[in-house]
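Visitor: how would this look folded up:
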Amino acid sequence: MSERLFRLLERLQKLDDALRRAQSQDRRSNPLEMARLRLLRDALKRRLTGISPSRAPAPLRAIHA
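Guide: Numbering: from 1, shown residues only. Next up is the predicted model:
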């Protein structure tokens, strides 16, 4: 895992925690803050899908009868 990928995953985890905390504060939660956190989280997820290493599918093996 590259350093950049690790840092982005770490930021994603912190955003998820902050969003979870904001959602748990029922009446005191700020809807604008929750929307901002969701937008940041979604943007970060898009960045992660762009740089995450894609795994090649396993080669198909011929079945010998």
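Visitor: and the contacts of the helix or strand where L12 lies?
Guide: Element membership for L12 (DSSP states H and E) is helix 3-24. By CB atoms under 8 Å, 6 or more residues apart in numbering, the residues outside helix 3-24 that reach it are 29-30, 33-34, 37-38, 40-41, 44-45, 47-48, 51-52. Any C-beta I mention is one placed from the backbone N, CA and C, and that applies to glycine too.
Visitor: same thing but 10 Å
Guide: 1-2, 28-31, 33-34, 36-38, 40-45, 47-48, 51-53 (CB atoms under 10 Å, 6 or more residues apart in numbering).
Visitor: just the buried residues of those.
Guide: Listed as buried from the contacts of helix 3-24 are L37, R41, L44; burial here means 16 or more other CB atoms under 10 Å.
Visitor: residues contacting the residue most central in space within the chain?
Guide: Within the chain, one residue has its C-alpha closest to the average C-alpha position: by CA atoms, centre = their mean, that is K45, at 4.1 Å. With contacts defined as CB under 10 Å, 6+ apart, K45 is in contact with L8, L12, L15.
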